[in-house]
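1. predicted model follows, preceded by the sequence.
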Amino acid sequence: MRIGIDCRSLNGEKTGIGYYTYHLVKALTELERNSEFCLYSSRCFNVPNRGDNVRKTAISGLPGTLWLQTVLPFLIYKDKISVFHAPLFIVPFVCAIPKVVTVHDLSFYIYPEKTTWRNRTILRCLLPASIKAADAVIADSENTRQDIINYLGTNPEKIKVIPLAAADTFHKVYDREEFDRVKLKYGLPEKYILFVGTIEPRKNLERLIKAYKQVIDCRQDLPHQLVMVGKLGWLYDHILRIPYELGLDKRIQLLGYVDEADMPFIYNGADLFVYPSLYEGFGMPVLEAMSCGVPVITSNVSSLPEVAGNSCHLVNPLNVEELAYTIEQILGSPALQEQLAKAGLARSREFSWRKTAEETFKLYSEVQMGCK
């Protein structure tokens, strides 16, 4: 089988969809040596595997969406692609071959005010047609599958839930020398609470910061700082002002985008990971934190309970008092920290990129056979 994959999300610094595409391509190309993978982008990009079964094509000059509907169909036809996979929501409409599209979330429908006008407009205009043109839809979670059905009226039989996984690099770290190097590199405090994710309104950082303020007001001897890791997304100006408005600028560190190789050490150094997002299609940072043996607090909404299972402490993300109480409760109980850490490690072992790749390739085979 010759499989084409849109790899535009591998341009530059990877965030959620780039992470998904990178690790899926890596696992697929290692798993299916007898298939050929043609990777396409409108700009230069890095590939995770340069084996004999991987071909890379980057032709620039046009904006991404226009490139997808004009240049890419020509490349697909020229390369005689058997199945095409679009990890970025939108398929090329004019290609008369089996197509699979991944829909990671519907945040632009559910929280339209928390996304940019441009992204919201493009996806709302093109996603319904993309799903209709695709032969199968991958959803990262059952919650996203239900959202697709409810908001877009898609046939449930067309949607396959294939969960993601944390990379193998996310695990307990015992290399003290390497850990100290990362700690020095980023100026990490001795004790800290950690958040990882794009700095944007949907991540609910305003309430996290206010909850942290309540905790330190009650426990002024609390040694823990709040460390926030993630690149700036959109509508973040207000979020960046809050620590100064609350007098917390000396107790909150915003590290920005961090090299992926350093992230396992940053997770391992945390005493608690807090992810109070309002909505997620999957919630990868929760799984990464669990894989590193860190106790986790996350939201009781959207896909996050699916990822957490019974291994994290779930809270109402709109309730600052509940979040503050839960942070204080866990930090004050070493036994509870250990219990959550062990449960998270066990839960994280249920996910793997190999399993994700196996299920995805099976879907490729099914849509190819169904279109013959």
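-> Good, I have the coordinates.
2. which residues does the helix or strand in which residue 20 is found contact?
-> Residue 20 belongs to helix 16-31 when assigned by DSSP states H and E. Residues outside helix 16-31 that contact it (Cβ atoms under 8 Å, 6 or more residues apart in numbering): 3, 5, 7, 9-11, 14, 35, 37, 39, 47-49, 51, 53-54, 87-88, 102, 104, 140, 164-165, 167, 198, 284, 353-354, 356-358, 360-361. For glycine as for every other residue, the C-beta is placed from the backbone atoms N, C-alpha and C.
3. that helix: which residues count as buried?
-> 16-29 (16 or more other Cβ atoms under 10 Å).
4. of the contacts of helix 16-31, grab the buried ones for ChimeraX.
-> Buried residues among those (16+ other Cβ under 10 Å), as a ChimeraX selection:
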select :3,5,7,9,10,11,14,35,37,39,47,48,49,53,54,87,88,102,104,140,164,165,167,198,284,353,356,357,358,360,361
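5. quickly note the distance from residue 106 to residue 22.
-> 23 Å (Cβ to Cβ, to the nearest Å).
6. with residue 324 instead?
-> 36 Å.
7. ok, back up a step: export the buried residues of helix 16-31 as a markdown table, with columns for distance to residue 126.
-> Below are the buried residues of helix 16-31 laid out as a markdown table (distance: Cβ to Cβ, whole Å):
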| residue | distance to residue 126 |
| --- | --- |
| 16 | 19 |
| 17 | 15 |
| 18 | 20 |
| 19 | 23 |
| 20 | 19 |
| 21 | 18 |
| 22 | 24 |
| 23 | 25 |
| 24 | 22 |
| 25 | 23 |
| 26 | 28 |
| 27 | 28 |
| 28 | 25 |
| 29 | 28 |
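8. quick one: which of the residues you listed is nearest residue 328?
-> residue 16 (30.0 Å; Cβ to Cβ).
9. can you mark which positions in stretch 204-217 are buried?
-> For stretch 204-217, the neighbour count (16+ other Cβ under 10 Å) marks 204-205, 207-216 as buried.
10. this structure: helices as residue ranges?
-> With DSSP state H, the ranges of helices along the chain come out as 16-31, 64-78, 107-110, 117-133, 142-152, 176-186, 205-218, 237-245, 263-269, 284-291, 304-308, 320-331, 334-348, 353-370.
11. what angle sits between the fifth one and helix 117-133?
-> Put simply, helix 142-152 runs at 90 degrees to helix 117-133, going by axes from the mean of the first three to the mean of the last three Cα atoms, to 10 degrees.
12. wait, residue 110 touches residue 301, no?
-> No. Between residue 110 and residue 301 there is no contact under Cβ atoms under 8 Å: 10.2 Å.
13. can you list residues touching both of those two?
-> Common neighbours of residue 110 and residue 301 (criterion: Cβ under 8 Å, 6+ apart): residue 279.
14. quick check: beta-bridge partners of residue 275?
-> residue 298 (DSSP bridges).
15. show me what contacts it?
-> 195-197, 283, 285-286, 289, 296-299, 304.
16. if you set the cut-off to 10 Å instead, what comes out?
-> Going by Cβ atoms under 10 Å, 6 or more residues apart in numbering, residue 275 touches 194-197, 203-204, 208, 283-286, 288-289, 296-299, 304, 307-308, 312, 317.
17. what do you get for residue 122?
-> Neighbour list for residue 122: 64-65, 89-90, 108, 116 [criterion: Cβ under 10 Å, 6+ apart].
18. what about it, distance to residue 141?
-> Applying Cβ to Cβ, the value for residue 122 to residue 141 is 23 Å.
19. what does residue 48 show for phi and psi?
-> phi -80, psi -20 (degrees, to the nearest 10).
20. okay, the residue lying closest to it once chain neighbours are set aside: pLDDT?
-> Distances taken as Cβ to Cβ, 6 or more residues apart in numbering place residue 26 nearest to residue 48, at 3.7 Å, with adjacent residues excluded. For residue 26, the model assigns a pLDDT of 94.
21. roughly how far apart are residue 26 and residue 2?
-> Here the criterion is Cβ to Cβ. By it, residue 26 lies 18 Å from residue 2.
22. what residue ranges in this protein score low on pLDDT?
-> Residue ranges of the chain with pLDDT under 70: 371-372.
23. give me the residue at the spatial middle of it.
-> residue 16 (3.5 Å; Cα atoms, centre = their mean).
24. tell me how far it lies from residue 121.
-> As judged by Cβ to Cβ, residue 16 and residue 121 stand 20 Å apart.
25. do the same with residue 96
-> Distance, residue 96 to residue 121, by Cβ to Cβ: 28 Å.
26. neighbour count for the two, which is higher?
-> Higher neighbour count among residue 96 and residue 121: residue 121, with 13 against 9, using other Cβ atoms under 10 Å.
27. quick one: neighbours of residue 350, just the number.
-> Look at residue 350: counted by other Cβ under 10 Å, it has 12 neighbours.
28. what do you get for residue 166?
-> 24.
29. wait, it sits on residue 286?
-> Yes. Applying Cβ atoms under 10 Å as the test, residue 166 and residue 286 come out as touching, 9.4 Å apart.
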